[in-house]
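> Below are the sequence and a predicted model for it; my questions follow.
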Amino acid sequence: MAMNGIDGLIIDLDGTIYLGSQAIEGAKETMEHIRAAGIKVVFLSNRGNYSRRMCQEKLEAMGIPAAAEEIILTSSVTATYLLENEPNGKAWLFGDEGLHEELRSHGVQLAAKPEEADWLVITLHESLTYAELNDAFRAARSGAKLIVTNEDKTFPGDGGECIDVGATIAAIVHTTGAEVSVVVGKPSAYMANAALRALDLPPERCLVIGDSLHSDIALGKRAGIRTALVLSGSTTRERGEAAEERPDFIWDSISDIRTLLQSDKEERQ
């Protein structure tokens, strides 16, 4: 069979399903084909400044419905990590409102002021102010452990590449001398395990689809999951073919999976 025993898809969002506020051409129709084929799906994103509700609404606006349990963000996995490893710890949050919403929804305790925080949670902050940067600085200087949603330097957005969490991590680390204690985002095992639990499938029956060699393809390779690199985001075919951890498939976009699904359908007939 063309899909070769793949029953679950772990699909990236930025650069794979959409670029900024625009769906990638064919993404909506491709997701409809995937659903019709009965293949399980989770969307796995390093976005930590979004809540699942926000992501769900963004997808629905593009005509791509998704249940909340099918959306796994670094914000939600960060909340799970904190609750499992230090349930009584208090966090100071450095990121956009989506991070605050997601951690509140999980019941993570928040510090009343930076100096009281056990953890400083760092994610993408597109509405950053100096006062917020200074509060994060004070939390780290006061001994809060650093947990970051991801270490990506850039992400594909409207009009091209955009600066990502790496910049704010560097600002805090450089000015305080603190070190990052936990990195939640792809390609970590935290994200891979969360996706496999949601799909309720073993790694050999899944496929990771994403545009990043560093995060998506590396996650799959480390977890024993087959991988498909799409060229609709931040990576070229030349880089994909030359990569040390070469993806199992290289596609122009996620729409290429429709050919495999059609081959499967014809083989069954």
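The structure has been received and is ready for your questions. Because the structure is predicted, anything quoted here is derived from the model rather than measured.
> Would you mind measuring from residue 70 to residue 129?
Residue 70 is 34 Å from residue 129, where distance means Cβ to Cβ, to the nearest Å. C-beta here means a position set from N, CA and C on the backbone, and glycine is covered the same way.
> Neighbour count for those two, which is higher?
Taking other Cβ atoms under 10 Å, residue 70 and residue 129 do not tie; residue 70 has more neighbours (18 against 9).
> Who does the residue nearest to that one when sequence neighbours are not counted form a beta bridge with?
Among residues not flanking residue 70 along the chain, residue 42 sits closest, at 5.3 Å (Cβ to Cβ, 6 or more residues apart in numbering). Beta bridges link residue 42 to residue 10 when assigned by DSSP bridges.
> For burial, what's the neighbour tally of residue 42?
Residue 42 has 22 nearby residues by other Cβ under 10 Å.
> Just give me the neighbour total for residue 96.
For residue 96, using other Cβ under 10 Å, the count is 22.
> now swap in residue 240 and tell me
Count around residue 240 with other Cβ under 10 Å applied: 19.
> And the contacts of the strand or helix carrying it?
In this assignment (DSSP states H and E), residue 240 forms part of helix 237-242. Helix 237-242 has contacts (Cβ atoms under 8 Å, 6 or more residues apart in numbering) with 213, 229, 231, 246-247, 250.
> per-residue confidence averaged over that helix?
Per-residue pLDDT over helix 237-242 has a mean of 91.
> next one: stretch 134-151
Computed over stretch 134-151, the average pLDDT equals 97.
> same deal with stretch 87-100?
Per-residue scores along stretch 87-100 average to 97.
> who's in contact with that stretch?
In contact with stretch 87-100 (Cβ under 8 Å, 6+ apart) are residues 47-51, 54, 75, 82, 103, 108-111, 114, 116-127, 132-133, 135-136, 139, 144, 149, 168, 172.
> Buried subset of these as a PyMOL selection?
The following PyMOL line selects those of these that are buried, judged by 16 or more other Cβ atoms under 10 Å:
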select buried, resi 47+48+49+50+51+54+75+82+103+108+109+111+114+117+118+119+120+121+122+123+124+125+132+133+135+136+139+144+149+168+172
